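Enquirer: build me a model:
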Amino acid sequence: QVQLEESGGGSVQAGGSLRLSCAASGRSFSTYRMGWFRQAPGKEREFVAAISRTGETVYYRDSVKGRFTISRDNAKNTVALQMNSLKPEDTAVYYCAADRTQLLGVTDKAYNYNYWGQGTQVTVSS
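Expert: I've put the predicted structure just below:
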């Protein structure tokens, strides 16, 4: 079992940057593929980015491609989401998620993730 804790959220003006971090407790972090999701007020939770167990494969939703970068450090049990050129529509609570698997790829499906953090608020003003 793994516990996830996000940090790094905050308020920023459009065009600015934030770096979210997710720290995972427990063992065998490298056996988890990781993802970031977000949920805006009144909207359903949506996929943002995913990274494979080794970090070799990453995947993004179209609206964040070229602006967001997901990365992981298996030695430190952390996964990060660097967010640049932020837009007001990026405003949401961002969640880190983990899926323990032997698969090598990534997944953008929330139902595949077994563990979730509490979320961190990101607010982008125009």
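
Enquirer: how much space separates the most centrally placed residue in the chain from N77?
Expert: Nearest to the mean C-alpha position of the chain, counting by CA atoms, centre = their mean, stands W36 at 2.3 Å. From W36 across to N77, the span is 16 Å (CB to CB, to the nearest Å). For the C-beta atoms, the positions are set from N, CA and C on the backbone; glycine is no exception.

Enquirer: cool, G16 as well?
Expert: For G16, the distance to N77 (CB to CB) stands at 28 Å.

Enquirer: neighbour count winner among these two?
Expert: N77 (19 against 14; other CB atoms under 10 Å).

Enquirer: list the contacts of the more buried one.
Expert: The neighbours of N77, taking CB atoms under 8 Å, 6 or more residues apart in numbering as the test, are A23, A24, S25, G26, F29.

Enquirer: tell me the confidence at the residue lying closest to the second one once chain neighbours are set aside?
Expert: In this case it means A24. Leaving aside its chain neighbours, A24 sits nearest to N77 (4.5 Å; criterion: CB to CB, 6 or more residues apart in numbering). Looking at N77, its pLDDT stands at 97.

Enquirer: ok, the one 10 residues further on next?
Expert: As summarised for this prediction, K87 has a pLDDT of 98.

Enquirer: ditto for T101
Expert: Reported pLDDT for T101: 89.

Enquirer: doesn't T31 make contact with it?
Expert: Yes - contact criterion CB atoms under 8 Å: T101 and T31 qualify, at 7.3 Å.

Enquirer: give me the common contacts of those two.
Expert: The contact lists of T101 and T31 share R53, where a contact means CB under 8 Å, 6+ apart.

Enquirer: nearest residue to V93 in space, please, no chain neighbours.
Expert: Closest residue in space to V93, ignoring its immediate chain neighbours: G119 at 4.2 Å, by CB to CB, 6+ apart.

Enquirer: again, but for R72
Expert: V79 (4.4 Å).

Enquirer: tell me who's in contact with A49.
Expert: Neighbouring residues of A49 by CB under 8 Å, 6+ apart: G35, W36, V58, Y59, Y60, R61, V64, F68, I70, L81.
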